[in-house]
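> Below are the sequence and a predicted model; questions follow.
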Amino acid sequence: MEYNFFATVARMKYIERWALMRNTREENLSEHCLDVSMIAHALCVIGNARYGKNLDADKAALIGMYHDASEIITGDMPTPVKYYNHTIKDAYKMLEEEANHKLLNQLPEDIRAYYNDIFFKDEEHEYEWKLVKAADKISALIKCMEEIKTGNREFVKAKESIEQTVKKMEEDYPEVRDFVAEFLPSYAKTLDELN
(Lines give C-alpha, C1' and ligand atoms only; values in the text may rest on other atoms or scores of the structure.)
Protein backbone atom coordinates (compact mmCIF):
# COMPACT_ATOMS: atom_id res chain seq x y z
CA MET A 1 0.00 0.00 0.00
CA GLU A 2 1.18 3.55 -0.73
CA TYR A 3 1.14 6.40 1.78
CA ASN A 4 1.27 10.09 0.91
CA PHE A 5 2.55 11.65 4.15
CA PHE A 6 6.14 12.43 3.21
CA ALA A 7 5.33 13.48 -0.35
CA THR A 8 2.70 15.83 1.06
CA VAL A 9 5.01 17.26 3.73
CA ALA A 10 7.71 17.77 1.08
CA ARG A 11 5.36 20.31 -0.49
CA MET A 12 6.14 22.77 2.32
CA LYS A 13 8.69 24.25 -0.08
CA TYR A 14 5.80 25.52 -2.24
CA ILE A 15 4.04 27.41 0.56
CA GLU A 16 5.19 31.03 0.54
CA ARG A 17 5.14 32.99 3.77
CA TRP A 18 4.41 36.69 4.31
CA ALA A 19 1.94 36.77 1.42
CA LEU A 20 0.61 40.25 2.22
CA MET A 21 4.09 41.78 2.40
CA ARG A 22 6.49 42.81 -0.34
CA ASN A 23 9.57 40.66 0.18
CA THR A 24 13.06 41.30 -1.09
CA ARG A 25 13.61 37.56 -0.67
CA GLU A 26 10.69 35.17 -0.49
CA GLU A 27 10.64 32.67 2.34
CA ASN A 28 8.94 29.32 2.01
CA LEU A 29 7.53 27.13 4.76
CA SER A 30 10.39 24.60 4.57
CA GLU A 31 12.96 27.30 5.23
CA HIS A 32 10.94 28.72 8.10
CA CYS A 33 10.40 25.32 9.72
CA LEU A 34 14.13 24.54 9.55
CA ASP A 35 14.91 27.85 11.27
CA VAL A 36 12.29 27.22 13.97
CA SER A 37 13.60 23.69 14.47
CA MET A 38 17.20 24.86 14.96
CA ILE A 39 16.21 27.72 17.28
CA ALA A 40 13.87 25.53 19.36
CA HIS A 41 16.65 22.97 19.75
CA ALA A 42 19.05 25.72 20.85
CA LEU A 43 16.54 27.10 23.37
CA CYS A 44 16.23 23.66 24.98
CA VAL A 45 20.00 23.18 25.05
CA ILE A 46 20.35 26.57 26.77
CA GLY A 47 17.66 25.60 29.27
CA ASN A 48 19.43 22.33 30.07
CA ALA A 49 22.99 23.68 30.16
CA ARG A 50 22.33 26.91 32.06
CA TYR A 51 19.14 26.45 34.02
CA GLY A 52 19.27 22.80 35.08
CA LYS A 53 16.20 21.85 33.10
CA ASN A 54 15.59 18.44 31.60
CA LEU A 55 14.18 19.44 28.23
CA ASP A 56 14.02 17.15 25.22
CA ALA A 57 15.88 19.24 22.64
CA ASP A 58 15.48 16.59 19.95
CA LYS A 59 11.71 16.50 20.47
CA ALA A 60 11.57 20.30 20.28
CA ALA A 61 13.51 20.19 17.01
CA LEU A 62 11.01 17.68 15.58
CA ILE A 63 8.04 19.73 16.74
CA GLY A 64 9.63 22.78 15.13
CA MET A 65 10.22 20.90 11.90
CA TYR A 66 6.52 20.05 11.58
CA HIS A 67 4.96 22.94 13.53
CA ASP A 68 3.35 24.58 10.49
CA ALA A 69 2.88 21.48 8.32
CA SER A 70 -0.89 22.03 8.43
CA GLU A 71 -0.32 25.03 6.15
CA ILE A 72 0.24 22.60 3.28
CA ILE A 73 -3.54 22.16 3.45
CA THR A 74 -4.67 25.52 4.86
CA GLY A 75 -2.10 27.81 3.26
CA ASP A 76 -0.30 30.48 5.28
CA MET A 77 -2.98 32.60 6.88
CA PRO A 78 -1.66 36.16 7.34
CA THR A 79 -1.29 37.09 11.02
CA PRO A 80 -3.61 40.13 10.89
CA VAL A 81 -6.37 37.86 9.58
CA LYS A 82 -5.60 34.86 11.80
CA TYR A 83 -5.73 36.94 14.99
CA TYR A 84 -8.37 39.47 13.94
CA ASN A 85 -10.75 38.29 16.67
CA HIS A 86 -11.36 35.27 18.92
CA THR A 87 -13.92 33.73 16.57
CA ILE A 88 -11.53 33.69 13.61
CA LYS A 89 -8.60 32.60 15.80
CA ASP A 90 -10.58 29.69 17.27
CA ALA A 91 -11.92 28.66 13.87
CA TYR A 92 -8.41 28.70 12.40
CA LYS A 93 -7.09 26.59 15.31
CA MET A 94 -9.80 24.02 14.58
CA LEU A 95 -8.90 24.10 10.89
CA GLU A 96 -5.21 23.56 11.72
CA GLU A 97 -6.09 20.64 13.98
CA GLU A 98 -8.24 19.06 11.27
CA ALA A 99 -5.42 19.54 8.73
CA ASN A 100 -2.96 17.86 11.11
CA HIS A 101 -5.31 14.89 11.53
CA LYS A 102 -5.58 14.67 7.74
CA LEU A 103 -1.79 14.64 7.43
CA LEU A 104 -1.35 11.99 10.11
CA ASN A 105 -3.96 9.81 8.43
CA GLN A 106 -1.56 9.66 5.46
CA LEU A 107 0.79 7.53 7.59
CA PRO A 108 0.53 3.77 8.12
CA GLU A 109 -1.41 3.08 11.30
CA ASP A 110 1.48 1.25 12.99
CA ILE A 111 3.75 4.33 12.92
CA ARG A 112 1.14 7.09 13.24
CA ALA A 113 1.40 7.15 17.04
CA TYR A 114 5.09 8.11 16.80
CA TYR A 115 4.10 11.33 15.04
CA ASN A 116 1.03 12.17 17.10
CA ASP A 117 2.90 14.03 19.87
CA ILE A 118 4.90 15.94 17.25
CA PHE A 119 1.71 17.31 15.70
CA PHE A 120 -0.41 17.60 18.87
CA LYS A 121 0.60 19.01 22.25
CA ASP A 122 1.16 16.59 25.09
CA GLU A 123 1.62 17.43 28.76
CA GLU A 124 5.01 15.72 28.97
CA HIS A 125 6.54 18.18 26.50
CA GLU A 126 4.48 21.28 27.32
CA TYR A 127 7.54 23.47 27.97
CA GLU A 128 9.19 22.34 24.72
CA TRP A 129 6.01 23.34 22.84
CA LYS A 130 6.22 26.79 24.43
CA LEU A 131 9.84 27.12 23.33
CA VAL A 132 8.86 26.10 19.79
CA LYS A 133 6.33 28.94 19.84
CA ALA A 134 9.08 31.28 21.03
CA ALA A 135 11.38 29.98 18.28
CA ASP A 136 8.61 30.67 15.77
CA LYS A 137 8.45 34.29 16.91
CA ILE A 138 12.24 34.64 16.91
CA SER A 139 12.32 33.27 13.36
CA ALA A 140 9.71 35.84 12.30
CA LEU A 141 11.75 38.58 13.97
CA ILE A 142 14.86 37.44 12.08
CA LYS A 143 12.93 37.59 8.80
CA CYS A 144 11.90 41.18 9.61
CA MET A 145 15.48 42.11 10.47
CA GLU A 146 16.75 40.63 7.20
CA GLU A 147 14.15 42.47 5.14
CA ILE A 148 14.81 45.80 6.87
CA LYS A 149 18.58 45.30 6.45
CA THR A 150 18.04 45.24 2.66
CA GLY A 151 16.10 48.51 2.86
CA ASN A 152 12.61 47.02 2.77
CA ARG A 153 10.59 49.20 5.14
CA GLU A 154 7.52 47.01 4.58
CA PHE A 155 8.59 44.97 7.62
CA VAL A 156 9.15 47.82 10.12
CA LYS A 157 5.74 47.57 11.84
CA ALA A 158 5.84 43.77 11.86
CA LYS A 159 9.29 43.90 13.48
CA GLU A 160 8.07 46.29 16.19
CA SER A 161 5.09 44.09 16.97
CA ILE A 162 7.08 40.85 17.02
CA GLU A 163 9.83 42.44 19.15
CA GLN A 164 7.20 43.25 21.80
CA THR A 165 5.98 39.63 21.78
CA VAL A 166 9.53 38.30 22.07
CA LYS A 167 10.30 40.73 24.93
CA LYS A 168 7.32 39.31 26.85
CA MET A 169 8.60 35.79 26.19
CA GLU A 170 12.03 36.78 27.53
CA GLU A 171 10.37 37.51 30.90
CA ASP A 172 8.91 33.99 31.08
CA TYR A 173 11.67 31.98 29.43
CA PRO A 174 15.32 32.67 30.32
CA GLU A 175 16.35 30.57 27.31
CA VAL A 176 14.71 33.12 25.02
CA ARG A 177 16.40 36.01 26.84
CA ASP A 178 19.81 34.37 26.43
CA PHE A 179 19.28 33.52 22.74
CA VAL A 180 18.11 37.05 21.95
CA ALA A 181 21.05 38.63 23.79
CA GLU A 182 23.76 36.30 22.51
CA PHE A 183 22.68 35.17 19.04
CA LEU A 184 20.12 37.55 17.59
CA PRO A 185 22.53 40.48 17.00
CA SER A 186 24.62 38.32 14.64
CA TYR A 187 21.72 38.12 12.18
CA ALA A 188 22.33 41.79 11.34
CA LYS A 189 25.91 41.08 10.26
CA THR A 190 27.23 40.62 6.74
CA LEU A 191 28.98 37.40 5.71
CA ASP A 192 32.37 39.10 6.04
CA GLU A 193 31.49 40.24 9.56
CA LEU A 194 30.38 36.72 10.50
CA ASN A 195 33.69 35.27 9.34
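Cool, the structure landed. Residues are numbered from 1 along each chain as shown.

> Apart from its neighbours in sequence, what residue is nearest the residue nearest the centre of the chain?
The chain has Asp136 as the residue nearest its centroid, 3.2 Å off, counting by CA atoms, centre = their mean. Nearest residue to Asp136, sequence neighbours excluded (CB to CB, 6 or more residues apart in numbering): Val36, at 5.2 Å. (C-beta placed from N, C-alpha, C; glycine too.)

> Tell me how far the one you found lies from Gly47.
16 Å (CB to CB, to the nearest Å).

> The two: who's more crowded?
Neighbour count, other CB atoms under 10 Å: between Val36 and Gly47, Val36 has more, with 27 against 23.

> any idea how far Glu193 is from the more buried one?
24 Å.

> do His41 as well
His41 is 25 Å from Glu193, by CB to CB.

> which one of the two has more residues nearby?
Using other CB under 10 Å, the more surrounded residue of His41 and Glu193 is His41, with 25 against 8.

> OK, contacts around the more buried one?
Ala57, Asp58, Ala60, Ala61, Gly64 (CB atoms under 8 Å, 6 or more residues apart in numbering).

> and Val45, what is it in contact with?
Applying CB under 8 Å, 6+ apart, the residues near Val45 are Ala57.

> Mind putting the contacts of His41 into a markdown table with pLDDT and neighbour count?
Output for the contacts of His41, formatted as a markdown table (pLDDT from 0 to 100; neighbours: other CB atoms under 10 Å):
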| residue | pLDDT | neighbour count |
| --- | --- | --- |
| Ala57 | 98 | 18 |
| Asp58 | 98 | 11 |
| Ala60 | 98 | 29 |
| Ala61 | 98 | 22 |
| Gly64 | 98 | 29 |
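
> Among those residues, which ones are in helices?
Ala57, Asp58, Ala60, Ala61, Gly64 (DSSP state H).

> Out of those, which is nearest to Ala99?
Closest approach between the ones in helices among the contacts of His41 and Ala99, by CB to CB: Gly64, at 17.5 Å.

> on that earlier part again, export the ones in helices among the contacts of His41 to a markdown table and append columns for distance to Glu71.
Below are those laid out as a markdown table (distance: CB to CB, whole Å):
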| residue | distance to Glu71 |
| --- | --- |
| Ala57 | 24 |
| Asp58 | 23 |
| Ala60 | 19 |
| Ala61 | 19 |
| Gly64 | 14 |
